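Undergrad: next input, structure requested:
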Amino acid sequence: MSDPNNPCLFCDIKKSGCAHQNNLAYASYDSYPVSNHHCLIIPKRHVSNYFDLTNQEIIACNDLIKLIKQEILDKDKTVEAFNIGVNTGKIAGQSIMHCHIHLIPRRKGDVENPQGGVRSVIPLKQHYTRKNK
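TA: Below is the predicted model:
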């Protein structure tokens, strides 16, 4: 089995694939998609986590997130929502130690109960009951 961190898969745009790019980031469709059209937004500079990105890199990534979101909506009318997420550190599930942002298209009925969304990273915390105030 090859190690995607040695050499870093995301440092090689040609190897990881490029759907779109700007001066500081690029977008690549995920090799192991959670849903159809699942995309990764990757800063070009090798930086391990989101918190080390510069403000300019965050803006560049965000510009690509918006571009890819619209592209997905234009080509797939079944997409009604999105999850955006970043795994920062091995304990959070990061397996390639080069920052990347997941843009995951969601469709009605793709899970039985979507309540909690990204909270499902800890399955027992996903579903909750709102407290009356």
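Undergrad: run through this structure and note the low-pLDDT ranges.
TA: 1, 119, 121-130, 133 (pLDDT under 70).
Undergrad: how about the strands of it, start to end?
TA: Along the chain, the segments classed as strands by DSSP state E run 20-21, 25-29, 39-43, 79-85, 101-107.
Undergrad: please identify the deepest-packed of those strands.
TA: strand 39-43 (a mean of 25; mean count of other C-beta atoms under 10 Å). No exception for glycine: its C-beta is placed from N, CA and C like everyone else's.
Undergrad: pretty sure G117 sits against N83.
TA: Yes: applying C-beta atoms under 8 Å, one finds G117 in contact with N83, separated by 5.9 Å.
Undergrad: need the strands of the chain in TSV (columns: distance to S95).
TA: Formatted as TSV, those follow (distance: least, C-beta to C-beta, whole Å):
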stretch	distance to S95
strand 20-21	23
strand 25-29	15
strand 39-43	12
strand 79-85	14
strand 101-107	12
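Undergrad: which one of these lies nearest to G93?
TA: Closest approach to G93 among those is made by strand 79-85 (9.5 Å; C-beta to C-beta).
Undergrad: now for the closest one, which elements pack on it?
TA: helix 55-75, strand 101-107 (3 or more C-beta pairs under 8 Å, 6 or more residues apart in numbering; DSSP states H and E).
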